[in-house]
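*Asks:* what follows is a predicted structure for the sequence shown.
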Protein chains: 2
Amino acid sequence: MPIVADIIAVGTELLLGEVVNSNAAWLSQQLSALGIHVYYHHTVGDNVGRIHRLLDTILNREQDRPHVLLFSGGLGPTPDDLTVDALAKYFQVPLIHDADSERHIRQLFYQRGITSLSDNNLKQALRPEAAQVVPNPMGTAPGIWWHTPKQVYLATFPGVPRELKAMWPTVQTHLQDVLAAAEPGKPYLRLYTRYLHFFGIGESKIAEQVNDLFSSENPTVAPYVDKAHVKLRVACMALNESDAARLLDPLEDDIIQRLSTYYLTTSTEPFQLEAWVGSMLRAAGQTVAVAESCTGGLISHRLTNVSGSSSFTLLNVVTYSNMAKVNELHVPADIILSHGAVSVPVVLAMARGIRKKAKSTYGIGISGVAGPLGGTDQKPVGLAYVAISGPNNQELVQEVRVNPRTEREDVKYAFSQHVLVLLARQLQQSLQTTTLHSQKTVN
Amino acid sequence: MPIVADIIAVGTELLLGEVVNSNAAWLSQQLSALGIHVYYHHTVGDNVGRIHRLLDTILNREQDRPHVLLFSGGLGPTPDDLTVDALAKYFQVPLIHDADSERHIRQLFYQRGITSLSDNNLKQALRPEAAQVVPNPMGTAPGIWWHTPKQVYLATFPGVPRELKAMWPTVQTHLQDVLAAAEPGKPYLRLYTRYLHFFGIGESKIAEQVNDLFSSENPTVAPYVDKAHVKLRVACMALNESDAARLLDPLEDDIIQRLSTYYLTTSTEPFQLEAWVGSMLRAAGQTVAVAESCTGGLISHRLTNVSGSSSFTLLNVVTYSNMAKVNELHVPADIILSHGAVSVPVVLAMARGIRKKAKSTYGIGISGVAGPLGGTDQKPVGLAYVAISGPNNQELVQEVRVNPRTEREDVKYAFSQHVLVLLARQLQQSLQTTTLHSQKTVN
């Protein structure tokens, strides 16, 4: 019998729209990974009556089967923070002071130079008598783990995502015990996950190609949505790594064969393209320099989001004006005049210019129309040209067209995504060549 | 009698945690602005039974009073998309084909070169008999507005935030009619809103300073959370502009006086700092050029997110390596050696260098430690120096310290925020001076 869960966010600020509830999605991912089915997310205000009414609804629905409730929010020190109090009242058990929690709270305040604590602060050390504390390594509010009557397993977290994430491993361990006890004698299976990355194809097109695999139960295949590139998550429950590989390897091969044109790589964690590009640049000991026009610095920003990017980033320029393209990158003024700033000859000259200037392995040039203004019939919003200039006179040029009806920032992001993929494919080839060479040397 | 609302997101992908539900917060903000109280957010999977169960719960709770239900998600073309079907079944009314919607869908597909539509595509043109269509200017899935039995006013939106936002004005108009009808004879009051922007002070500190104003009912004061700067929203219900001004002006003055050190400006829409800076640069007819190190292109990216930024952006550089700082910006190598790259003399030289190179009104230099690596005792993660070089030998330098425990991307964002604020204050002064001068000329 699968275990079912509800995730409940408590906080009037959520109902006013002042905070986006990202905790529900994050907790859902963790529960899914454990094989626990999430049936509903709920958000309720700081109001005991409404919290009780919600609990009534959920418990009436889930009579007689093990059920998990994860609460986030409402653990703070103000009178508005009433999650634990509402739960104790609902299950009619007394609240007691937890000595360890109080010590932890006093210590945190002491570190901040505060020695006299208010009743509100000490309220955070309260827990229902039968509940255990879930320590909070990042803040003052501890959570609870509580096996209540009616087969309800219940955990509380603060609303701050950083604290919630830091407390999750404790709750995960409790949940694994619950799962193990639910089917005693059965060996405990772990979840093994791989992410297959694709580019240049939409989610619905990918779904069409692998539609028959979506109904598979172990391993499972599911699209994994992220900003501007598509991933398929293949996952299985298995006893160990080699059992998992037996299930996942043939499936991965099958999918890659069906979608080979669009396939980029496989990873065990979902990643951003810039992190992947950065790791390949480091592995190859190479550097890149970017000359941007329409993307306005976004490619440089994304590459330098990778920690340690100083090993592969030296210099990037944003030559927004034509004058800057001429002065900084030595793009010949006459080709701008004859072809326009958004053209193959100009981005090639930009790529060569920045490569020479930065003395980098690769030089990249991009120029396009990010919109919403500035589009023409010949050069509409959403059109860009990209060039890469590399060692041994390797040069690559690509025309990019993205949906002109998306917003300026999304157009810029889509352009940057194309540039990173073009560079990634170049680096993949370069690394393969290197591997072949070194193998040759070894043989 | 206040009107109460529930917001319901439909989609199994939400319960798997693959998408964060940002629509609930956005819709909550819109409803709050209309004076409609949101009682719960719910998320439910693509499952007719569970959608019906949820409707049972909500309608049992809200017997005999006008109630608003906003649905997002489940309007797509796949068999999983079943929101409208589930609603029609629940209220036991037939679905009919809407001719206008079908024409709109055919037209969109025609633009994409597709002339033969599947049944799935045409399914999106279905609506319950008594419901009205809410046109979707951004996509194929229209929404519905429906006054069902049991005093339920119901609207559906697609899950794509861009489409949902574009469709909101139609639903807002319907809701305003409902509000007007709820209290007939009473003159219809509109909501007037101002946003007061602050920087350099946290939300909780601001709350302490204006705590006594939060309980006011008309006008209202509420903190408005955004990335890295704090806004207070002051709002009132009023008959017209001048009535609103009578309520809002003294309140705004009072708040600005209490928080004058941190006050930036007031606007009628919430905005990003880069849009404000861009509009001031345009108003002053001035330009800016940025030399970035630790922010890696983010400031350039943010400035060029403003549509029409080519009028004030000419050239920006990301001089990540010391060599690039020397070669591109003529930062003297000996001051990098003696003071380090993260130092006042270096950012000043960067600001002067980029200003000279770009021939811009202002030059900006920034260098710091974005982390997580690279921090030392003297120059810890979260430390940066910023310089602005302007006309008439005006030069400004600032030391910036942000929380070193935040992630690299957040540190970069906080740095960029400090730079934009420093530039904004400079532009405010410059514009005030200009205004004084032109007034003098007129007199």
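*Replies:* Structure's in. What do you need?
*Asks:* bridged to the spatially closest residue to residue A:240 that is not a sequence neighbour, which residues?
*Replies:* Of all residues not flanking residue A:240 in the chain, residue A:190 sits nearest, at 7.8 Å (C-beta to C-beta, 6 or more residues apart in numbering or on different chains). In short, each C-beta sits where N, CA and C put it, glycine included. The partner list for residue A:190 in beta bridges (DSSP bridges) reads residue A:238.
*Asks:* please apply the same query to residue A:397.
*Replies:* Bridge pairing for residue A:397 - DSSP bridges - gives residue A:387.
*Asks:* contacting residues for whatever residue of the stretch 301-443 of chain A ends up closest to chain B?
*Replies:* Closest to chain B within the stretch 301-443 of chain A is residue A:304: 2.7 Å, counting by C-beta to the nearest C-beta. Residues in contact with residue A:304 (C-beta atoms under 8 Å, 6 or more residues apart in numbering or on different chains) are A:313, B:295-297, B:318, B:320, B:370, B:412.
*Asks:* same question, residue A:46
*Replies:* So residue A:46 contacts A:10-12, A:74, A:80-82 (C-beta under 8 Å, 6+ apart).
*Asks:* for those, which one is nearest residue B:131?
*Replies:* Within those, proximity to residue B:131 (C-beta to C-beta) peaks at residue A:12, which comes in at 31.4 Å.
*Asks:* is that closest one in contact with residue A:80, as I believe?
*Replies:* Yes: counting by C-beta atoms under 8 Å, residue A:80 is a contact partner of residue A:12 at 7.3 Å.
*Asks:* can you tell me what sits against the strand or helix carrying residue A:274?
*Replies:* If you go by DSSP states H and E, residue A:274 is part of helix A:273-284. With contact meaning C-beta under 8 Å, 6+ apart, helix A:273-284 is reached by A:197, A:229, A:264-265, A:267, A:287-288, A:302-303, A:305-306, A:308-309, A:311-312, A:361, A:417, A:420-421, A:423-424, A:427-428, A:430-431, A:434.
*Asks:* now swap in stretch A:392-403 and tell me
*Replies:* A:344, A:347-348, A:351, A:368, A:382-390, A:411, A:414-415, A:418, A:422, A:426.
*Asks:* now, these that are in strands?
*Replies:* Using DSSP state E, the members of the contacts of stretch A:392-403 that fall in strands are A:368, A:383-389.
*Asks:* ok, so of those, who is nearest residue B:135?
*Replies:* Using C-beta to C-beta, the ones in strands among the contacts of stretch A:392-403 come closest to residue B:135 at residue A:383, 28.5 Å.
*Asks:* and the closest one, what are its bridge partners?
*Replies:* residue A:401.
*Asks:* count the neighbours of it for me.
*Replies:* Neighbours of residue A:383 under the rule other C-beta atoms under 10 Å in any protein chain shown: 23.
*Asks:* check the one 10 residues further on too.
*Replies:* Residues near residue A:393, counting by other C-beta under 10 Å, number 6.
*Asks:* from residue B:299, how far out is it?
*Replies:* Going from residue A:393 to residue B:299 by C-beta to C-beta, to the nearest Å gives 35 Å.
*Asks:* that older thread, just the pLDDT at the residue nearest to residue A:240, thanks.
*Replies:* Note for residue A:190: predicted pLDDT of 75.
*Asks:* hmm, residue A:235 and it touching each other?
*Replies:* No: using C-beta under 8 Å as the test, residue A:190 is too far from residue A:235 to be in contact (10.6 Å).
*Asks:* how about the helix ranked longest in chain A: buried residues?
*Replies:* Counting residues, the longest helix found in chain A (DSSP state H) is helix A:408-442. For helix A:408-442, a neighbour-count test (16 or more other C-beta atoms under 10 Å in any protein chain shown) marks A:408, A:410-424, A:426-427, A:430 as buried.
*Asks:* how many neighbours does the residue nearest to residue A:76 when sequence neighbours are not counted have?
*Replies:* Spatial nearest neighbour of residue A:76, excluding adjacent residues (C-beta to C-beta, 6+ apart): residue A:141 at 6.2 Å. Residues near residue A:141, counting by other C-beta under 10 Å, number 26.
*Asks:* and for the one 4 residues further on?
*Replies:* Residue A:145 is surrounded by 19 other residues when neighbours are defined as other C-beta under 10 Å.
*Asks:* which positions in the host helix or strand of it come out as buried?
*Replies:* Assigning secondary structure by DSSP H and E places residue A:145 in strand A:143-147. Within strand A:143-147, the residues scored as buried using 16+ other C-beta under 10 Å are A:143-146.
*Asks:* CA-only coordinates of the helix or strand following that strand in CSV, if you can.
*Replies:* Downstream of strand A:143-147, the first helix or strand assigned by DSSP H and E is strand A:152-157. Provided in CSV are the C-alpha atoms of strand A:152-157 (Å, rounded to 0.1, in the frame of the first residue of the first chain):
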residue,chain,number,x,y,z
VAL,A,152,-0.6,10.3,10.9
TYR,A,153,3.1,10.9,10.7
LEU,A,154,3.7,14.6,11.0
ALA,A,155,6.7,16.9,10.6
THR,A,156,7.0,20.7,10.9
PHE,A,157,9.5,23.0,9.3
